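K.L.:
sequence isn't available, so here's the structure alone:
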């Protein structure tokens with residue numbers, strides 16, 4: 001069944017435009033409550049990031065869930081992975097996140113976790129959509145859901161994050177710059193690293209509802225890079241608006257993306273005796289990671305782009321590590337979903353065990369030049385058009401066995417991502433711009 005609302009990461013769009021409206025989200029809450037509540041599990045956890053529309057959608061979800069007879073535990077601003085964790089520990093039937101992740105404040109979205117803290121399977125999303133087409137029926141007044149606010153949610157999650165590294169792990173003597181993107185980690189990430197002994201210089205910790213991800217965070221690390229160098233810090237850490245992604249910056253101000261961080265974590269896991277034979281990436285994962293993993297005796301499994309597909313591959317093959325170049329890293333031996341803070345702690349732990357700087361740790365992997373261009377589109381995306389396919393074939397012939405081309409429609413934004421990878425940076429960029437031009441002409445806004 002083709003889904004009408006759910007994309008690769010829940011339901012997302014511009015606030016005020018269907019389906020990201022108060023009316024729709026109210027009914028969505030009702031449908032989710034109807035589908036997911038079971039005997040003994042009659043509570044849904046609801047958290048959000050810091051964008052201004054979160055107030056509206058939190059209230060709409062509360063009303064819809066109550067109408068379905070489901071109790072609600074309100075967490076307030078909380079990183080997406082923290083909501084997944086609290087869904088499990090509060091024994092809820094589901095967790096709901098009000099967030100549009102790395103998008104600007106005028107977008108928002110709703111995504112879900114099952115009772116075990118993982119993304120909902122397709123079949124459950126399809127059942128929710130079926131119920132959305134039916135009239136909303138409120139339960140009897142004496143069975144309406146009740147709401148409570150979990151006042152110690154942040155503290156519970158902070159303790160969980162720290163528990164994912166050995167208790168003797170100390171960050172004393174390490175100077176960190178931490179960019180929280182004015183998002184959901186603003187009141188949590190600095191505390192995690194400070195409580196472990198680090199000296200923390202915080203950035204992006206003054207959310208006003210409109211500045212989430214604005215020229216900061218994991219998608220725009222320029223300020224972080226500059227601050228690391230200005231403050232002579234040992235490294236920098238940047239999260240996205242909902243805290244499930246992380247990128248890091250070494251003491252030279254050089255950015256390490258998700259591929260490099262995944263390599264560092266995988267190599268460290270091998271050194272401490274973890275048993276696994278492969279790491280999961282995506283079609284966008286840099287060829288350099290595949291080569292570096294092979295040198296460690298590990299294979300790279302490539303899943304479709306999207307953390308849910310990385311997770312599917314991890315579970316299907318009983319693996320423990322996977323992630324995306326964007327910094328969405330899943331450490332299944334530590335938690336149930338992608339978690340920026342926990343991933344950063346794994347890298348810091350690897351640094352301490354090796355006695356090496358972040359800059360030296362990344363030396364084991366050499367990235368191949370890769371250019372990614374986002375092309376805005378309108379309407380239906382048809383990448384099979386003759387002009388597009390002919391242009392792709394021309395580039396693939398010129399690259400031969402020393403490069404890759406990937407075109408894909410974004411699952412969260414109205415755009416096509418054009419990626420070219422090869423051995424020469426200039427050639428790669430030229431081909432990417434040529435292909436982006438063809439896609440733009442064929443699918444113009």
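P.N.:
Looks like it came in fine. The model shown is predicted, which means the values in this text are computed figures rather than measured ones. Numbers count the residues shown, from 1 in each chain.
K.L.:
from here on, contacts and neighbour counts on C-alpha atoms
P.N.:
Noted.
K.L.:
show me the contacts for residue 419.
P.N.:
Neighbouring residues of residue 419 by CA atoms under 8 Å, 6 or more residues apart in numbering: 284, 370-373, 405-407, 432.
K.L.:
make CSV from these and add distance to residue 213, pLDDT and neighbour count to it.
P.N.:
Below are the contacts of residue 419 laid out as CSV (distance: CA to CA, whole Å; pLDDT from 0 to 100; neighbours: other CA atoms under 10 Å):
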residue, distance to residue 213, pLDDT, neighbour count
284, 23, 89, 26
370, 24, 91, 22
371, 22, 93, 20
372, 20, 92, 18
373, 19, 95, 17
405, 29, 93, 22
406, 27, 92, 14
407, 26, 93, 22
432, 26, 96, 24
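K.L.:
tabulate these in CSV, adding columns for distance to residue 124 and secondary structure.
P.N.:
Formatted as CSV, these follow (distance: CA to CA, whole Å; DSSP: H, G, I helix; E, B strand; the rest coil):
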residue, distance to residue 124, secondary structure
284, 28, coil
370, 37, strand
371, 36, strand
372, 33, strand
373, 34, strand
405, 34, strand
406, 30, strand
407, 29, strand
432, 38, helix
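K.L.:
quick check, nearest of these to residue 95?
P.N.:
Among the contacts of residue 419, residue 284 lies closest to residue 95 (CA to CA), at 28.8 Å.
K.L.:
that closest one and residue 306 touch, don't they?
P.N.:
No: counting by CA atoms under 8 Å, residue 284 does not reach residue 306; the two are 10.0 Å apart.
K.L.:
what do the two both touch?
P.N.:
Residues touching both residue 284 and residue 306 (CA under 8 Å, 6+ apart) are residue 324.
K.L.:
now whatever helix or strand residue 84 lives in: buried residues?
P.N.:
Using DSSP states H and E, residue 84 sits within helix 80-89. Neighbour counts over helix 80-89 (16 or more other CA atoms under 10 Å) mark 80-88 as buried.
K.L.:
tell me the mean pLDDT over that helix?
P.N.:
For helix 80-89, mean pLDDT rounds to 97.
K.L.:
which SSE is immediately downstream of it?
P.N.:
strand 94-98.
K.L.:
how far does the helix or strand that comes right after that next one sit from its chain's centre?
P.N.:
The C-terminal neighbour of strand 94-98 among helices and strands, as given by DSSP H and E, is strand 107-114. Computed by CA atoms, centre = their mean, to the nearest Å, the chain-centroid distance of strand 107-114 equals 12 Å.
K.L.:
which other helices and strands contact strand 107-114?
P.N.:
strand 11-14, helix 80-89, strand 94-98 (3 or more CA pairs under 8 Å, 6 or more residues apart in numbering; DSSP states H and E).
K.L.:
domains of this protein?
P.N.:
Per automatic domain parsing, the structural domains of the chain span 11-151, 157-240, 256-364, 370-442.
K.L.:
among the contacts of residue 419, which one lies nearest to residue 38?
P.N.:
Proximity of the contacts of residue 419 to residue 38 was ranked by CA to CA; the top entry is residue 284 with 38.6 Å.
K.L.:
hang on, isn't residue 332 packed against residue 315?
P.N.:
No: using CA under 8 Å, residue 332 is not in contact with residue 315; the gap is 9.0 Å.
K.L.:
between these two, who's got more neighbours?
P.N.:
The residue with more neighbours, out of residue 332 and residue 315, is residue 332; 17 against 12, by other CA atoms under 10 Å.
K.L.:
so who does that one touch?
P.N.:
Residue 332 neighbours (CA under 8 Å, 6+ apart): 319-321.
K.L.:
and residue 112, by the same measure?
P.N.:
Counted by CA under 8 Å, 6+ apart, residue 112 has contacts 10, 94-97, 119-120.
K.L.:
in CSV: the residues you listed, plus pLDDT and neighbour count.
P.N.:
Formatted as CSV, those follow (pLDDT from 0 to 100; neighbours: other CA atoms under 10 Å):
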residue, pLDDT, neighbour count
10, 91, 22
94, 95, 29
95, 97, 30
96, 98, 25
97, 98, 29
119, 88, 23
120, 90, 19
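K.L.:
could you dump the residues you listed into a markdown table and include distance to residue 311?
P.N.:
Shown next, in a markdown table, are those (distance: CA to CA, whole Å):
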| residue | distance to residue 311 |
| --- | --- |
| 10 | 15 |
| 94 | 18 |
| 95 | 17 |
| 96 | 18 |
| 97 | 18 |
| 119 | 9 |
| 120 | 11 |
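K.L.:
show me which of those residues is closest to residue 226.
P.N.:
Proximity of the contacts of residue 112 to residue 226 (CA to CA) peaks at residue 97, which lies at 32.1 Å.
K.L.:
residue 246 versus the closest one, what's the distance?
P.N.:
18 Å (CA to CA, to the nearest Å).
K.L.:
kindly report the same for residue 231.
P.N.:
Taking CA to CA, one finds residue 231 at 21 Å from residue 246.
K.L.:
who has more neighbours out of these two?
P.N.:
residue 246 (30 against 14).
K.L.:
and residue 370, what are its bridge partners?
P.N.:
Bridge pairing for residue 370 (DSSP bridges) gives the partners residue 421.
K.L.:
close enough to count as contact, it and residue 426?
P.N.:
No: counting by CA under 8 Å, residue 370 stays clear of residue 426, with 10.0 Å between them.
K.L.:
overlap of the contact sets of these two?
P.N.:
Common contacts of residue 370 and residue 426 (CA under 8 Å, 6+ apart): none found.
K.L.:
all helices of this structure, in order?
P.N.:
Secondary structure of the chain (DSSP state H): helices at 22-36, 54-67, 80-89, 122-132, 153-162, 189-195, 222-230, 258-271, 287-295, 307-317, 340-354, 358-361, 386-399, 425-442.
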